[in-house]
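Engineer: Coordinates for the following, if possible.
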Amino acid sequence: QVQLVESGGGLVQAGGSLRLSCAASGRTFGTYAMGWFRQAPGKERVFVARISWSGADTYYADSVKGRFTIARDDAKSTLYLQMDSLRPDDSGVYYCGAAPTGTYDYWGQGTQVTVSS
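Structural biologist: All right, here's what the predicted structure looks like:
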């Protein structure tokens, strides 16, 4: 079992930055891949970024490449998403997910990000 709690969302102007955090508990943190997803109102949840269990490999949606950075701190059991140069279409509820079996089996409750134009 993995429990996830996101934080760090808020309201920011276009061009601004936010850093999201996802605190994990339960299964040993450094043993599974994790990711960030976003869900806008009335739309499906979409992939944003992913990081391997070791932190050596990262993957990003094309829309966020060069602007967002995913990282993990195994000592703190925490996943991060640094979001820079934010745009209004980055708005939505951001969820972190844990993939101990290769699929995202565990999710946090989400944190709201709103980017004003």
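Engineer: pretty sure residue 80 contacts residue 24?
Structural biologist: No: using C-beta atoms under 8 Å, residue 80 makes no contact with residue 24, being 11.6 Å away. To be clear about C-beta, it is placed using only N, CA and C from the backbone, and glycine gets the same treatment.
Engineer: So which of these two has more stuff around it?
Structural biologist: For residue 80 and residue 24, the more surrounded residue by other C-beta atoms under 10 Å is residue 24, and the numbers stand at 24 against 19.
Engineer: Quick check: beta-bridge partners of the more buried one?
Structural biologist: Here residue 24 shows beta-bridge partners residue 4, assigned using DSSP bridges.
Engineer: residues contacting it?
Structural biologist: Listed by C-beta atoms under 8 Å, 6 or more residues apart in numbering, the contact set of residue 24 reads 2, 3, 4, 34, 77, 78, 79, 98.
Engineer: chain center to stretch 54-67, what's the gap?
Structural biologist: Centre-to-centre, stretch 54-67 and its host chain are 11 Å apart (C-alpha atoms, centre = their mean, to the nearest Å).
Engineer: and it, how far apart are its ends?
Structural biologist: Taking C-alpha to C-alpha, to the nearest Å, stretch 54-67 runs 22 Å from one end to the other.
Engineer: ok, now stretch 36-55?
Structural biologist: Using C-alpha to C-alpha, the end-to-end distance of stretch 36-55 comes to 14 Å.
Engineer: Over to stretch 80-95?
Structural biologist: One end of stretch 80-95 to the other measures 11 Å (C-alpha to C-alpha).
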